[in-house]
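Student: for reference, the sequence and a predicted model appear below.
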Amino acid sequence: MTFKTIQDTEVQGREDAGGPAAMPRSNTRFRELEELLRIIETRSVQPVFQPILAFGTGEILAYEGLIRGPDDSPLHTPTKLFEAATRAGQLIELNMLCALKVVRQFARLGLQQQLFLNVTPQTVLDVRDDVQRISRFIRDCGIDIAQVTIELTESQHIADRSIFREALMLFRKAGFRVALDDLGEGFSSLRLWSELQPDFVKIDMHFVQGVSTDEVKYHFLKSLQHIAEGCGSSLVAEGVETMADFCILRDLGIDNAQGFLIGRAAKKPSKLVPSQVSELIGTGSVPLFPQAVTPRS
């Protein structure tokens, strides 16, 4: 979409909405689109990285590459940035820009762990013919393809699952791993898990936060762990913020944890696990919250 196309769309929008009365909102939307184009053209998105802990080793397994807009921009937060891109029809362009920036910065930081790279399903479809070129770019940055996990965001509906599976298989054959994001957020999550057979499955934070005192969440996570063991996927619990929840996840056998307790997203993330977290890993199973593990009568 060109600048002129966006401008014409805004003018038409004002006319369709009834003229001058719609001007304030249209002007705001136009400024948003103008700012989005500026960010894309100047490539001014900022990568940040959040650590993912492996319970088994007690060390950082991976870093998820996240994106922020310029510090002084109204599109600084990822939510506003990607919503604006969706409205402007620029989501693929923004997604690819973010992926390139994240990979380059990950390499500059010299991180040796896994990189979880957020990619929309539509982007996977659109670049499926460029897998070899993408792989070459990653290797040229000094990163092994086996280090990169494509984290599929479930914000987009996958219309043709068979075509999408074929596209994803091209990446897997090239050596990429696959993660399914936010399990439990959408109705199609379990079906996607079954069909795509991802290496990692990230559990939506709704089912993680408060699990230490919520019997339903406890049994939900216990069931997911059982499924994961059966199909060879590794679970990542998102949104871990308290020591109590952390201990329950540890005792359930969940493989990995991500959240503020482990570390916040940062331009230069810590390579070390916080000491309080390391101590919790070493304490072993302790029934701190019996109410969370007692079956209903």
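Tutor: Structure's in. What do you need?

Student: remind me which residues of the stretch 101-250 of the chain are low pLDDT?
Tutor: 154-157, 184-188 (pLDDT under 70).

Student: and the helices in it?
Tutor: In the stretch 101-250 of the chain, the helices defined using DSSP state H, counting those that start in this stretch lie at 121-126, 131-140, 161-173, 189-196, 215-231, 243-252.

Student: of all those helices, which one is nearest residue 63?
Tutor: helix 131-140 (15.0 Å; CB to CB). Where you see a C-beta, it was placed from the backbone N, CA and C, and this is true even at glycine.

Student: which of the helices of the stretch 101-250 of the chain sits most buried?
Tutor: Across the helices of the stretch 101-250 of the chain, the average number of neighbours (mean count of other CB atoms under 10 Å) peaks for helix 243-252, which reaches a mean of 21.

Student: other SSEs contacting that helix?
Tutor: Counting contacts by 3 or more CB pairs under 8 Å, 6 or more residues apart in numbering; DSSP states H and E, helix 243-252 packs against helix 215-231, helix 275-282.

Student: quick one: those helices as TSV, columns for distance to residue 80 too.
Tutor: Listed next are these as TSV, based on distance: least, CB to CB, whole Å:
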stretch	distance to residue 80
helix 215-231	30
helix 275-282	31
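
Student: tell me which of these lies nearest to residue 52.
Tutor: helix 275-282 (12.3 Å).

Student: can you list the buried residues in the closest one?
Tutor: 277, 280-281 (16 or more other CB atoms under 10 Å).

Student: hang on, the earlier thing: a markdown table for the helices of the stretch 101-250 of the chain, including distance to residue 49?
Tutor: Converted to a markdown table, the helices of the stretch 101-250 of the chain look like this (distance: least, CB to CB, whole Å):
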| stretch | distance to residue 49 |
| --- | --- |
| helix 121-126 | 20 |
| helix 131-140 | 16 |
| helix 161-173 | 21 |
| helix 189-196 | 25 |
| helix 215-231 | 25 |
| helix 243-252 | 20 |
